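Visitor: Here you go, sequence then predicted model.
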Amino acid sequence: MSTQKLTKDFIFDNKKTHLSFKDFSVYYGDFQAVKGVSGAFPEKTVTAIIGPSGCGKSTLLRSINRMNDLIPVCHTSGSMIYEGLDIYGERMDVVKLRQRIGMVFQKPNAFPKSIFDNIAYGPRLMGIKNKAELNEIVEKSLTQAAIWDEVKDRLHKNALGMSGGQQQRLCLARALAVEPDILLMDEPTSALDPKATAKIEDLICELKEKYTIVIVTHNMQQAARISDLTAFMYEGNMVEFDTTDKIFTNPSMKQTEEYITGRFG
Amino acid sequence: MLDHSFTGMGFISVGLMGVVLLVILLPIVYRGAQAYIFTETIEHRRFQNEKFQRGDAQELAEEYRAVKAARLPVYEAIEKFEAKKREWPKDKKREFRSELKAVKKALHHLLGPAPGEKTPVLMRQQFGQTRWDRAQVKLHEVLYREDWVEDPTGQTKELVQVFVPRVDLFKGTELEPMFEYTEKNVELMLRPKLTFYWQFLIDRSYDAHFFGGIGPEVRGTLLLTLGAIVFAIPFGIIAAIYLCEYAKPSKTVHVLRSCINTLAGVPSIVFGLFGLAFFLNTLKLTESKSVLAGSMTLSLMILPTIIRASEEAIMAVPFAYKEASMGLGAGKWRTICKVILPAALPGILTGIVLSMGRAAGETAPIIFTAAVSVGDKLPLTEAFFAPSQALPWNIYNLCSEHEAVDSIRHVQYGMVFTLIAMVLLLNMLAIVFRARLHSKTKGV
Ligand SMILES: Nc1ncnc2c1ncn2[C@@H]1O[C@H](COP(=O)(O)OP(=O)(O)OP(=O)(O)O)[C@@H](O)[C@H]1O
Ligand SMILES: [Mg+2]
């Protein structure tokens, strides 16, 4: 089956490409979890990655800001280019990379510290010590993540005392506090109730004005609602990568259609 | 069914533990507390005033005058008896010589030197009984002569102990009324008073623990424990961080872990001998035994425990925290310092406190490296380079080598009680601290 049809960098909405990858593979030891995929994420768009469980969505997402470095057996081949630099090249500064490409994880993973310290963690890493400046960043990030009003009176309380949905928005705010260009989200709403999910979805739509967003999701409606582009992955291959409209109304691959109509996966 | 029997067994073993603890702890607490709270006599107040300048000297002098007056008839009776004795025939004199000597000796024990007697050299002979419970024992010695006779019932062939009233021995002499007088007026002669002698914890001891407190021992124990912890914490935590975060899983690391686990089970006397051989004989850290060498030896002993506890605590930190921190661009070292260690702190702390308790209570490692039975009180800066007393060692020493074990039982129990209290207090502090950390990290 031909799965490598979308090797061309395609232009979406005349937006320039922010990050692209070519013949990109990820291995866990001998096991190839992502099989030579290619594609590109245009600037200030939301790209959804969908596909059945175990198809390599998270693996691909996590290799974008090299979170897979934490797994000792994991290695990659092919290229992943961000602003003209190979992410896996020798000259890449992983610390800077991760500041520019932020990540929100599936489960809320707020630190067992105060809300303030959670948000200030990233900026402090970058050497910002000035209290006023930190205050400003904290307020701005929390406002962006639409949680400022809920927590402004308890900034110095422990973050783990918040609800799951609040914690997830806090994690989003924490990622935003270092002012990244790209936001990676791995099933950010899977642990949340519908109301909290709706809040995060609204947020994503607002944030796309400023950020390039890549989101992995199992929720087809969610992908259809919030994304501009959708990539469908199956067993490590990127079967189809096109505009969300196209994928959900008129997919060119049979597998995509079957998955979207719920016949497998 | 199986469930029930397990629950039952659980209850039984927990109950058994509780009973054992009670059986051991209650007498220790009861008798140990008597080192602090007991009925003192005027002699104790006199000692406290003379050696530690406590109490109102003038008041005491007045009280002592009254006491002296109460004691006077005793000494007068003896004098009268002795005066009469001079007129007796030689063989009658001889008959009473040793009896009189025994009475005078017992009285000396009870009340201290007789008026006009030359001050004895040993401090324990310069004062009467300082504790009312001991005074009772000595009073009995004044009143009765201990004899060993053949069993009058004829049931056994062994000798049995009998107490012969000394009044009967001196019947018809000038001394006879003295016994009844002493028995009736001993309270006036010693003035018993309930006291809370908290300074037992800080006072130095006099004359091989006959008087004073256990201050140097407590201080030595604190110094040794503190030193051990100061040496062991950084090494322990750094080793744990290395093992959990930096070491690649390999055979060497596996062997290293097993070695650490084995070290945790090595008998403490081995560490003691190692400390002597390495710190004192090879490195020549100090000329003689010293707190420094002792605490280093102790720190070696507790290091494996600290490493293991820290390792477990670090490994229990959710991977998600690490991911979150790294995802924000933190390096490994920052992640460890800012996220992993704070989250692991309660666990690490528990390990530290448990090993502190162990370091405080171990005897074997300090026998050859730090402990002495008597020492000078040195300023802190010098104390680390000199040997020191320490509770565990001095408890052992008092029980096994003291020449008058029976007279200072309260000191032994007091030491044991204090040591247990110190360790319990440490644990309690750890629990409180842990709980506070816990609520801080878990919200609420
Ligand atoms: N740490 C790892 N070590 C070895 N294999 C792994 C590891 N993580 C993932 N894999 C394997 O890689 C493949 C892709 O996993 P990945 O987590 O990327 O899937 P996914 O598409 O995100 O699935 P899900 O929708 O369930 O999250 C799976 O077969 C999985 O078993
Ligand atoms: Mg996944």
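Guide: Done, it's in. Numbers count the residues shown, from 1 in each chain, chains lettered A, B, ... in the order given. Ligands and ions are numbered 1, 2, ... in the order given.

Visitor: Next, count neighbours for residue 219.
Guide: Answering for chain A, as no chain was given. 16 (other Cβ atoms under 10 Å in any protein chain shown). To be clear about C-beta, it is placed using only N, CA and C from the backbone, and glycine gets the same treatment.

Visitor: The intended chain is chain B.
Guide: Residue B:219 has 22 nearby residues by other Cβ under 10 Å.

Visitor: Where does residue 218 sit, in terms of helix or strand?
Guide: All of this refers to chain A. Per DSSP states H and E: residue A:218 is located in neither a helix nor a strand.

Visitor: wrong chain, I was asking about chain B
Guide: helix B:215-241.

Visitor: likewise residue A:103?
Guide: If you go by DSSP H and E, residue A:103 is part of strand A:101-104.

Visitor: near ligand 1 at all, that strand?
Guide: No: using Cβ under 6 Å from any ligand atom, strand A:101-104 stays clear of ligand 1, with a minimum separation of 13.6 Å.

Visitor: Could you list the domains of chain B?
Guide: B:40-195, B:215-442 (automatic domain parsing).

Visitor: Can I get these in JSON lines including mean pLDDT and distance to ligand 1?
Guide: Formatted as JSON lines, the domains of chain B follow (pLDDT from 0 to 100; distance: least, Cβ to the nearest ligand atom, whole Å):
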{"stretch": "domain B:40-195", "mean pLDDT": "91", "distance to ligand 1": "69"}
{"stretch": "domain B:215-442", "mean pLDDT": "90", "distance to ligand 1": "11"}
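
Visitor: and those domains, which is most packed in?
Guide: Greatest average neighbour count among the domains of chain B goes to domain B:215-442 (a mean of 19), per mean count of other Cβ atoms under 10 Å in any protein chain shown.

Visitor: hmm, back to that, determine the set of other helices and strands touching the helix holding residue B:218.
Guide: In terms of contacts (3 or more Cβ pairs under 8 Å, 6 or more residues apart in numbering or on different chains; DSSP states H and E), helix B:215-241 is packed against helix B:291-315, helix B:341-361, helix B:391-401, helix B:409-441.

Visitor: so the shortest one versus helix B:409-441, what angle?
Guide: Between the axes of helix B:391-401 and helix B:409-441, defined by axes from the mean of the first three to the mean of the last three Cα atoms, to 10 degrees, the angle is 160 degrees.

Visitor: Would you state the helices of chain A in chain order?
Guide: Assigned by DSSP state H, chain A shows helices spanning A:57-64, A:94-100, A:115-125, A:131-144, A:148-151, A:164-176, A:194-207, A:220-226, A:244-249, A:254-260.

Visitor: would you turn these into a markdown table with mean neighbour count and mean pLDDT?
Guide: Converted to a markdown table, the helices of chain A look like this (neighbours: other Cβ atoms under 10 Å in any protein chain shown; pLDDT from 0 to 100):
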| stretch | mean neighbour count | mean pLDDT |
| --- | --- | --- |
| helix A:57-64 | 23 | 94 |
| helix A:94-100 | 18 | 91 |
| helix A:115-125 | 23 | 94 |
| helix A:131-144 | 17 | 94 |
| helix A:148-151 | 16 | 91 |
| helix A:164-176 | 25 | 92 |
| helix A:194-207 | 16 | 89 |
| helix A:220-226 | 18 | 92 |
| helix A:244-249 | 17 | 92 |
| helix A:254-260 | 18 | 90 |
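
Visitor: Need those helices in TSV (columns: distance to chain B).
Guide: Below are those laid out as TSV (distance: least, Cβ to the nearest Cβ, whole Å):
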stretch	distance to chain B
helix A:57-64	9
helix A:94-100	4
helix A:115-125	4
helix A:131-144	12
helix A:148-151	13
helix A:164-176	7
helix A:194-207	17
helix A:220-226	22
helix A:244-249	26
helix A:254-260	28
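
Visitor: For residue B:228, find the nearest of those helices.
Guide: Distance to residue B:228, taken as Cβ to Cβ, is lowest for helix A:115-125 among those, at 33.4 Å.

Visitor: Please export the C-alpha coordinates of the closest one as CSV.
Guide: The C-alpha coordinates for helix A:115-125 follow below in CSV (Å, rounded to 0.1, in the frame of the first residue of the first chain):
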residue,chain,number,x,y,z
ILE,A,115,0.4,27.6,41.3
PHE,A,116,2.7,30.6,41.1
ASP,A,117,5.8,28.4,41.2
ASN,A,118,4.4,26.1,38.6
ILE,A,119,4.0,28.9,36.1
ALA,A,120,7.3,30.6,37.1
TYR,A,121,9.2,27.4,36.7
GLY,A,122,10.0,27.9,33.0
PRO,A,123,10.8,31.6,33.2
ARG,A,124,13.0,31.0,36.2
LEU,A,125,14.9,28.4,34.2
